[in-house]
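> Next one to model:
(chains A and B)
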Amino acid sequence: MPWVIAVVLAVIFWALSQAPFIQAANEVPMLQDIGLNLSTALVQMGVVVLMFPLVNMIFLKPLREALDTRTKYLDDTYSAAESLKQRMQDLKDSYEERLARSEGEARAKIQVALKEAQQMKDSILSEARGQAEEISRRASEEMAREREKMLVDLRTHVVDLTLTATERLIGESMDQPRQRKLVEEFIKNVEVPG
Amino acid sequence: MDPGVARRYARALLNAAQSLNSVPEVEDDLEVIRGLLESREDLRRALESPEVARERKLQLVDRLFADRARPLTLRLLRMLIEKRRENLISLIYVEYVRLRQDAEGVLPVVIRSAVALTDDEVKEITSRLEKQTGKRILYDCFVDPSLIGGVKVRFGDSVLDGTVLGALRRLRERFFIDVLKQV
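Numbers count the residues shown, from 1 in each chain, chains lettered A, B, ... in the order given. Got it, this is the predicted structure:
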């Protein structure tokens, strides 16, 4: 369509340049003085008109398309950025919400864990205390037993020593009269058990 | 070795010997056999070994004692071999003597003293024991200086301990009991 209009206009300009009144006007001295030829000017205008669609086709259209593409790209990028920003905002909101919720849950869990730890600590301490008391009690009992055993050993040893010494002393002091006296006593007291 | 089993054999043997009126003869036989077994280790081993066949043992007994021992004693030996009680021979002799003494009212007594007893002292002790047990006392006297002083009489399962050593031992036991009571 632009080509048709341009051609029509160029034809019109060319036709006008060939028109007799334009030829007549060229003969006007004032126009000649300024160097203006109306026929040439009209042909040039027709060429210029013809040049518009060409310029449009070769330069303006690709440029416009490039600008449109660029604009679209910028729009897309902007909208993507906006969308991303929105998404980020949503994510941030969600994250903050989750964070807040997690913090609450974490605090609750920490509280529970702390409580359990405290109970465990109390239990372990109580058990350890019980074991320590048991060990102490056993040690005391063992010591008491050992002490008693030592006392028994000591007394037994003393008895042994005393009686061994007594046996030796009696043996050394045993003379014939005493031997005879012991025999006599045996004879006097001898009694068969019923 | 089971003393109860030996006692049963000894009682049966004594009864049989009494009925045959040969109690001392059988005792003599047993004493000889026991002496032989004690002095001849190979003989004792051959008789008591489970590896030697019964027939061989019976032949051995027949060959050794057939013309020396009374038939009753020989029968006892054969019975012991057949019932695999050969190791009871010595114990049967001891039980036989004890039962015979018991039947005759004899009480064997062992008298131990730190110093040698005079005849009067021994007589005094035995007469007192005879009076109290109602049995005739058959005694053996031994001197044992380790008793320190006094006399100790053993008969059957009883002991009459009048020695210093015995008194000290009893004292020691009492001390130990007291020590244990204090714990």
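
> Need the phi and psi values for B:Val143.
phi -100, psi 130 (degrees, to the nearest 10).

> got the contact list for it?
Going by CB atoms under 8 Å, 6 or more residues apart in numbering or on different chains, B:Val143 touches B:112-116. (C-beta placed from N, C-alpha, C; glycine too.)

> if you set the cut-off to 7 Å instead, what comes out?
The contact partners of B:Val143, taken as CB atoms under 7 Å, 6 or more residues apart in numbering or on different chains, are B:113, B:115-116.

> How about B:Phe155?
So B:Phe155 contacts B:107-109 (CB under 7 Å, 6+ apart).

> which among these gets closest to A:Asn37?
The closest of the contacts of B:Phe155 to A:Asn37 turns out to be B:Pro108 (CB to CB; 187.9 Å).

> Now a PyMOL select for only the buried ones of the contacts of B:Val143.
Remark: buried members of these, expressed as a PyMOL selection using 16 or more other CB atoms under 10 Å in any protein chain shown:
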select buried, chain B and resi 113+115
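
> Take the contacts of B:Val143 and keep only those in strands.
The strands, defined by DSSP state E, take in B:Ser113 from those.

> Reformat the contacts of B:Val143 as JSON lines; add pLDDT and distance to chain A.
Conversion of the contacts of B:Val143 to JSON lines gives the following (pLDDT from 0 to 100; distance: CB to the nearest CB, whole Å):
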{"residue": "B:Ser113", "pLDDT": "95", "distance to chain A": "7"}
{"residue": "B:Val115", "pLDDT": "93", "distance to chain A": "5"}
{"residue": "B:Ala116", "pLDDT": "94", "distance to chain A": "10"}
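
> returning to what we had before: out of the contacts of B:Phe155, who's near chain A?
Within the set of these, contact with chain A (CB under 7 Å from any CB of the partner chain) is found for no member.

> any chance of those residues in a markdown table, plus distance to B:Val159, neighbour count and secondary structure?
Formatted as a markdown table, those follow (distance: CB to CB, whole Å; neighbours: other CB atoms under 10 Å in any protein chain shown; DSSP: H, G, I helix; E, B strand; the rest coil):
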| residue | distance to B:Val159 | neighbour count | secondary structure |
| --- | --- | --- | --- |
| B:Leu107 | 14 | 20 | strand |
| B:Pro108 | 14 | 16 | strand |
| B:Val109 | 11 | 22 | strand |
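
> Now that we have those, can you turn them into JSON lines and tack on pLDDT?
Formatted as JSON lines, these follow (pLDDT from 0 to 100):
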{"residue": "B:Leu107", "pLDDT": "91"}
{"residue": "B:Pro108", "pLDDT": "92"}
{"residue": "B:Val109", "pLDDT": "93"}
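
> nearest to B:Ser39, of those?
When the contacts of B:Phe155 are ranked by distance to B:Ser39 (CB to CB), B:Pro108 comes first, at 23.5 Å.

> Quickly list what that closest one is bridged to.
Taking DSSP bridges as the rule, B:Pro108 bridges to B:Leu138.

> ok, it - contacts?
With CB under 7 Å, 6+ apart as the criterion, the residues that contact B:Pro108 are B:101, B:138, B:155.
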